[in-house]
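Trainee: Build me a model:
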Amino acid sequence: MSLLEMRQIRKSFNGVPVLKGVQLTLEKGEVHALLGENGAGKSTLMNILTGVIPRDGGTIEFDGQKLDHITITQSENMGIAFVHQELNLFNDLKVFENMFLNKEYVNRFRRLDKKKMRAECRELFERLGVEIDPDAVVADLKTSQKQLLEICKALHLNAKLIILDEPTTSLNNEEVDHLFGILRKLKEEGTSFVFISHKMPEIFALADRYTVFRNGEYIGEGKISETTPEEVTVMMVGESYSNAEVYEKRELGEEVLRLEDFSGDGFHHIDLGVRQGEIVGMTGLQGSGSSEMLQAVFGSSRSTGGSVKAFGKVVPRNSIHAAMKAGIGMLPNNRKENSVLPDMSLMDNMAISEQTLSAARLPVEGRRDRQRYDQYREMLNIKAQSSADLVTSLSGGNQQKIFIARWLNTDARILILDNPTQGIDVGAKAEIYRLILELSRAGKTILINTLEIPELMKVADRCIVFYDGSMIKELAHDEINEQDVMLYSVGITKDAKGA
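Mentor: As a prediction, the model looks like this:
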C-alpha cells in the first residue's frame, strides 16, 4: 500500500490556477524526486500536504487515512515534516532547545527537564552519526550541521515522511555525501522522502522514483533507473529545451584586472590577469579559496597582502565602496542573505548600489530610474509585473537578473558572479548562461565561481581550479571536464598552474 496518494489536486490564487489536477504517489521507504521549474507548483503542493494552505479540490490519503481538511498540527501529528530551503531554526537558542521547542520535557516540579532533553538529543545524534553538541548555540553551527539538525528535529517527531526542499544548496561535496548516507540509512529503516532539487546528479544518485510538474500540470512519473537526466529535463521545460553548448570564442581586449601576490583569509599568493570581455571560471571544493578570494577583491572579506589593480589603478583593499568606484560589482553566493532587500521594491533593489555611489542624489528619482528599470527589464528579459512589486515576488532566476541589473546600473565593467545559478531551475540557468555571454560580448569582464563544472564548460574561456587556498591548475576552455577538475580540486594531481 502506498504511504501517500494525492489525486487531482487543484489550487488557484486570485482566480489564477497554479495546480491543475496534479497527482503524487509515494511508497513507504523510498526517496521520491519532485521535479519542475520554479513556479511549476511543487511548493504549493507540499504546502497543501502540510496544512499551510487549503486545496480547492482533489483527494489526499496518508498512511491509509483520508485527509479532508489538513492543519499544520494534524500534518505534524501524522508524521509529515517539511525541511525548508530557508532553515527554520532559532540561532540564539541551543541545539537541544531548538530540538524540543514547544515540546519541552518538564519534571515533577514543572521545571524544564534539560538533562532528559540533552540525553535524547545526544542519543539521536549518535544513532545517525551526527557530530553536534546538544549544548552548542545554533548560530555557531555550520550550514551542513543546521541542515542535519532540521532533519533530526523531524525524526524526533517520528516523521514517516520528510520533505526536503533544496537541502544541498549550501553544502560542499563531502557534506552532501554525509547527508545522503544518513538519508539512505533512514530509508532502510522505513522513512520516506520527497526530494526537491534542481541538481540532476544528486537526483540520480539518491532518488528511487520521480514525478514531474510543468506550469501547474502533472507531466509524468517513473523510476529513476529507467530514464536519463536529458529526458527528465525535457519533461520539466518542454521540447524547447536544448543541452547544446552555449559557449562561443570571442576576441578579447586589453588586461583590465590584475591581482599580484594577493592574499587573505582562506587564500594566498594569487597572481592573475584578466582581459576585457573575458569570462574566467573558478572552482574548487567549498572552502578551497576561490569564493574567499573573489569576496576579497570586492572588499567584502579581508585581504592581508598583495594588490588589486582595475584598469591600471590600484584598488584600496578591504573597501566595498572603493571596489564599486573602480567599476567592480558582485553577486554574492548567498542571494537571500546578501543580495535580497525583501521589504523593498524591484526598482529600489535595482537602484540601491547606484544610489550608494551617487550619495548626493535624492533616493530613487522617479522618471530616470523607471526608464532604467524598463531598459534592464527588457535587456535581461526579467519576468516581472510592476517595478513597485517586492523582489520576493520573483523566482530565483529573475531575482538574479535584478541583481545583475543593479550592477549594470552602476556601469560596473568587472562583474564577479559567485555561484550565480544557486537555487534556480534549469530553464533559468540557461538564460543566465546566455546573459553572461551577451554581457561579455558587450565588453564586460566576468569572473564566475561555481561548484558545477558543466556551467564552466558552457561559458568560461578558461577555468582556474583552487585547492587549499591556491590556484592549483589553469585549464583552457576545451580542456575543462568534470573528471580532471575534480582530481585537481581534491589535490590528487598537484602540478603547477599551466603545467
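Trainee: Return the residues in contact with the nearest residue to residue 427 once chain neighbours are set aside.
Mentor: Distances taken as CB to CB, 6 or more residues apart in numbering put residue 237 closest to residue 427, at 4.6 Å, once the chain neighbours are dropped. From N, CA and C alone the C-beta is placed, and that goes for glycine too. In this structure, residue 237 makes contact with 37, 214, 426, 427, judged by CB atoms under 8 Å, 6 or more residues apart in numbering.
Trainee: Residue 431 is in contact with the first one, correct?
Mentor: No. Under the criterion of CB atoms under 8 Å, residue 37 lies out of contact with residue 431, with a separation of 11.2 Å.
Trainee: Show me the two of the contacts of residue 237 that sit farthest apart.
Mentor: Distance extremes for the contacts of residue 237: the farthest pair is 214 and 426 at 11.6 Å, using CB to CB.
Trainee: Which neighbours do those two have in common?
Mentor: In terms of CB under 8 Å, 6+ apart, residue 214 and residue 426 are both contacted by the residues 37, 236, 237.
Trainee: thought the second one was touching residue 211?
Mentor: To tie it back to what came earlier, the one meant is residue 236. No. Using CB under 8 Å, residue 236 is not in contact with residue 211; the gap is 11.0 Å.
Trainee: Give me the distance between the two termini of stretch 256-274.
Mentor: Length of stretch 256-274, first residue to last, CA to CA, to the nearest Å: 6 Å.
Trainee: which residues sit against that stretch?
Mentor: 255, 275-276, 280, 287, 289-290, 292-293, 296-297, 301-311, 413-414, 445, 447, 464, 466, 469-471.
Trainee: let's see it at 6 Å
Mentor: 255, 276, 280, 289, 292-293, 296, 302-311, 414, 445, 469 (CB atoms under 6 Å, 6 or more residues apart in numbering).
Trainee: again with stretch 23-35
Mentor: For stretch 23-35, contacts defined as CB under 6 Å, 6+ apart pick out 2-7, 42, 187, 190, 192-196, 203, 206-212, 218, 236.
Trainee: Quick one: distance of it to the chain centre.
Mentor: 22 Å (CA atoms, centre = their mean, to the nearest Å).
Trainee: tell me the average confidence for that stretch?
Mentor: Averaged across stretch 23-35, pLDDT comes to 95.
Trainee: Also stretch 403-421?
Mentor: Rounded mean pLDDT across stretch 403-421 is 90.
Trainee: start to end distance for that stretch?
Mentor: End-to-end distance (CA to CA), stretch 403-421: 12 Å.
Trainee: Give me the contacts around that stretch.
Mentor: Contacts of stretch 403-421 (CB under 6 Å, 6+ apart): 257, 291, 294, 298, 327-333, 339, 350, 353-354, 357, 372, 376, 380, 400, 429, 432, 444-450.
Trainee: Can you flag which of the contacts of stretch 23-35 belong to strands?
Mentor: 4-7, 192-196, 209-212, 218 (DSSP state E).
Trainee: and after the worst-scoring helix or strand of the chain on mean pLDDT, which helix or strand comes next?
Mentor: For the chain, counting by mean pLDDT, DSSP states H and E, helix 335-338 ranks last in confidence among helices and strands (a mean of 68). Where DSSP states H and E defines the elements, the next helix or strand beyond helix 335-338 is helix 346-357.
Trainee: next helix or strand past that following helix?
Mentor: Following helix 346-357 in sequence, per DSSP H and E, is helix 366-380.
Trainee: Residue 351 is in contact with residue 371, isn't it?
Mentor: No. In this structure residue 351 lies outside contact range of residue 371 using CB atoms under 6 Å: 11.6 Å.
Trainee: Between the two, which has more neighbouring residues?
Mentor: Between residue 351 and residue 371, counting by other CB atoms under 10 Å, residue 351 is the more crowded of the two (26 against 11).
Trainee: residues contacting residue 40?
Mentor: Here residue 40 is in contact with 213, 214 (CB under 6 Å, 6+ apart).
Trainee: To clarify, my last question referred to residue 294.
Mentor: Residue 294 sits in contact with 416, 418, 449, where contact means CB under 6 Å, 6+ apart.
Trainee: now it, nearest residue through space, not along the chain?
Mentor: residue 416 (5.0 Å).
Trainee: Alright, that wraps it up for me.
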